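Peer 1: quick one, what's the 3D model for this:
(one chain, ligands or ions: 3)
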Amino acid sequence: VACPFCGGAFTTASGVSHHLETSSCPSARNLNRDALYKALRARDQHGLITKKLLQSKELDTIDTYATFRTWNGYAYECYLCHRDFHSLRALNQHLNSPAHQQKYYHCPNKRGCGKDFVTLAALFNHLESESCGFMRFENVNKSANEFLTGKKMITF
Ligand SMILES: [Zn+2]
Ligand SMILES: [Zn+2]
Ligand SMILES: [Zn+2]
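Peer 2: Ligands and ions are numbered 1, 2, ... in the order given. Next comes the predicted model:
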């Protein structure tokens, strides 16, 4: 599976996804988990793998760090779950923890599996393991190539 931006070769679809989601691609530094989700979401009209979760406006703010404005008079309050924290640092840690990592993807296997994933890499990893029997390993790579590189709609 080739990276559509830098041309780097990866043996798995999850490998190239991880490369893109962690902003490791030298040719697509501005790409990250959120940006990739947004790009794929636009090409996944039927919601085969992407979950319809948030407005893009909310997506843009989810990674912003908590500021002193979160002070509610006696504690720093998480604006997502309304838990109180005694320091701004603790609140920031909480916001960047898996507690608030949105699950952007789900397994396309509608019959039975129903698993959710935080990253595209995790979804591909699941498909590559063939654990739910949705598709064969070779086909995962082929599909990944098609929808990561082209402007095509996502299909399987
Ligand atoms: Zn790359
Ligand atoms: Zn929270
Ligand atoms: Zn599955």
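Peer 1: which residues touch the residue lying closest to T119 once chain neighbours are set aside?
Peer 2: Nearest non-adjacent residue to T119, counting by C-beta to C-beta, 6 or more residues apart in numbering: E21, 5.4 Å away. Heads up, the C-betas are built off the backbone N, CA and C, glycines and all. By C-beta atoms under 8 Å, 6 or more residues apart in numbering, the contact list for E21 reads 31-33, 36, 119-121.
Peer 1: now the buried members of those.
Peer 2: Among the contacts of E21, those buried by neighbour count (16 or more other C-beta atoms under 10 Å) are 31, 33, 36, 119-121.
Peer 1: narrow those residues to those in helices?
Peer 2: Among the buried ones among the contacts of E21, DSSP state H puts 33, 36, 120-121 in helices.
Peer 1: of all those residues, which comes closest to T12?
Peer 2: A121 (9.1 Å; C-beta to C-beta).
Peer 1: correct me, but T119 touches H126?
Peer 2: No - T119 sits out of contact with H126 when judged by C-beta atoms under 8 Å, with a separation of 10.6 Å.
Peer 1: is it true that Y79 touches N72?
Peer 2: No - counting by C-beta under 8 Å, Y79 sits too far from N72 to count as a contact (10.0 Å).
Peer 1: what residues does this structure have near ligand 2?
Peer 2: 78, 80-81 (C-beta under 5 Å from the ion).
Peer 1: just those residues now: which is nearest ligand 1?
Peer 2: The nearest member of the residues of the chain next to ligand 2 to ligand 1, counting by C-beta to the ion, is L80 at 31.4 Å.
Peer 1: could I get the pLDDT score of the closest residue to C3 other than its chain neighbours?
Peer 2: Ranked by C-beta to C-beta, 6+ apart and with sequence neighbours excluded, the top spatial neighbour of C3 is V16, at 5.4 Å. As predicted, V16 sits at a pLDDT of 95.
Peer 1: what does A2 give?
Peer 2: Reported pLDDT for A2: 89.
Peer 1: count the residues that sit near it.
Peer 2: Neighbourhood size, A2 [other C-beta atoms under 10 Å]: 13.
Peer 1: repeat for the one 10 residues further on
Peer 2: For T12, the tally of surrounding residues (other C-beta under 10 Å) stands at 18.
Peer 1: just the one 10 residues further on next, same as before
Peer 2: Applying the criterion other C-beta under 10 Å, we find 13 residues in the vicinity of T22.
Peer 1: gap between it and ligand 2?
Peer 2: 23 Å (C-beta to the ion, to the nearest Å).
Peer 1: much appreciated, bye for now.
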